[in-house]
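Undergrad: sequence first, predicted coordinates after that:
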Amino acid sequence: MDFTGERYIPEVHGNIELEHMHRYLLASQIAMGKDILDIACGEGYGTALLAGKAKNITGVDISAETINHARKKYAKENINFMVGSCTEIPLPDKSIDLVVSFETIEHLEEHDLMMKEIKRVMRSNGVLLISSPDKYYYSVEPGYHNPFHKKELYQHEFRQLIEEYFKNTLYFEQRVIYGSMVLSNSFPTLTMSYFKENETIKSANGIIRPTYWIALASDADLPELMTGIYECPINESEIVREWTKVVETRDETIATLQSQIAEHAQLIETLRSQLTE
């Protein structure tokens, strides 16, 4: 499949890979032995990842072309790919233990209808793991517009939506960062972030300026979900690779100019010789 920006494909690297893969790795912690729905599964890479632990998993996407691609690429006994939408999920009532929905809700406006459909297919003790870009930090602050997004949510709007449909909720923050990480090796701890603003060190719980919010929600007790890091070597990071391209282009330009200068210098010497003669 070609990358258009609407759906992530695993052949594309950089920040988008870190963001998407990390979410599915998070979901894999609570996927063991479950009947799972991956709604808006896209190319199918995440469905295939979760299939390694799931009892059965269904990947649903609105694009027939995308689903046909996924069926061919990720054929496995416990995977079923189906054409469908978030507002019309092609599954029976109360058939799913875990619903995974990553970077989906912002692609449609019918958020309440999507939540109702998710609740319909979930069993009474089912769990939802869903992500959404933070409208302020994703779009407003950087002045960015994603042409594939129809209705983004601010943090409080996302929380209100989830809490309207589920009794128990837990929230996680996500953002690609560069810095020093200090984590407990013995037992889970809360995460504290530090940042420098106008020569003053400030701190905050969790991640500062999260680009994405991830909600874990259920009407039953919530499963334990460990936070973590999906590491990328700094030399392979998106910003370093982009600057490497800039430097390579600059070096090529310099080499071309130096070659032209040498040619012009040779021409000048030839003309001087002719004048002398």
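TA: Great, that's in hand. Since the structure is predicted, the reported quantities are computational estimates derived from the model, not experimental observations.
Undergrad: can we go C-alpha only for contacts and neighbour counts from here?
TA: OK.
Undergrad: need the contact list for Lys34.
TA: Contacts for Lys34 were tallied using C-alpha atoms under 8 Å, 6 or more residues apart in numbering; they are 53-56, 96-98.
Undergrad: buried residues in the longest helix belonging to the chain?
TA: Assignment by DSSP state H gives helix 238-276 as the longest helix of the chain. Going by neighbour count (16 or more other C-alpha atoms under 10 Å), nothing in helix 238-276 comes out as buried.
Undergrad: give me the below-cutoff pLDDT ranges for this protein.
TA: Along the chain, the parts satisfying pLDDT under 70 run over 183-184.
Undergrad: show me where it has its strands.
TA: Remark: strands assigned in the chain by DSSP state E are 35-39, 56-61, 79-83, 96-101, 122-133, 168-174, 192-197, 200-205, 212-218.
Undergrad: quick one, the fourth one and strand 56-61 angle?
TA: If I follow you right, that is strand 96-101. For strand 96-101 against strand 56-61, the angle by axes from the mean of the first three to the mean of the last three C-alpha atoms, to 10 degrees is 30 degrees.
Undergrad: related to what we said a few turns ago, just the buried residues of the contacts of Lys34.
TA: By the neighbour-count criterion of 16+ other C-alpha under 10 Å, the contacts of Lys34 include these buried positions: 53-54, 56, 96-98.
Undergrad: correct me, but Glu43 touches Asn68?
TA: No - taking C-alpha atoms under 8 Å as the definition, Glu43 is not a contact partner of Asn68, at 9.2 Å.
Undergrad: of the two, who's got more company?
TA: In terms of neighbours (other C-alpha atoms under 10 Å), Glu43 is the more surrounded of Glu43 and Asn68; the figures are 25 against 14.
Undergrad: spit out the contact partners of the more buried one.
TA: So Glu43 contacts 1, 7-9, 66-67, 69-70 (C-alpha under 8 Å, 6+ apart).
Undergrad: in helices, which of those appear?
TA: With helices taken from DSSP H, the overlap with these comprises 66-67, 69-70.
Undergrad: distance to Pro233 and neighbour count added to those residues, as a markdown table?
TA: Conversion of the ones in helices among the contacts of Glu43 to a markdown table gives the following (distance: C-alpha to C-alpha, whole Å; neighbours: other C-alpha atoms under 10 Å):
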| residue | distance to Pro233 | neighbour count |
| --- | --- | --- |
| Thr66 | 31 | 20 |
| Ile67 | 33 | 23 |
| His69 | 31 | 15 |
| Ala70 | 29 | 24 |
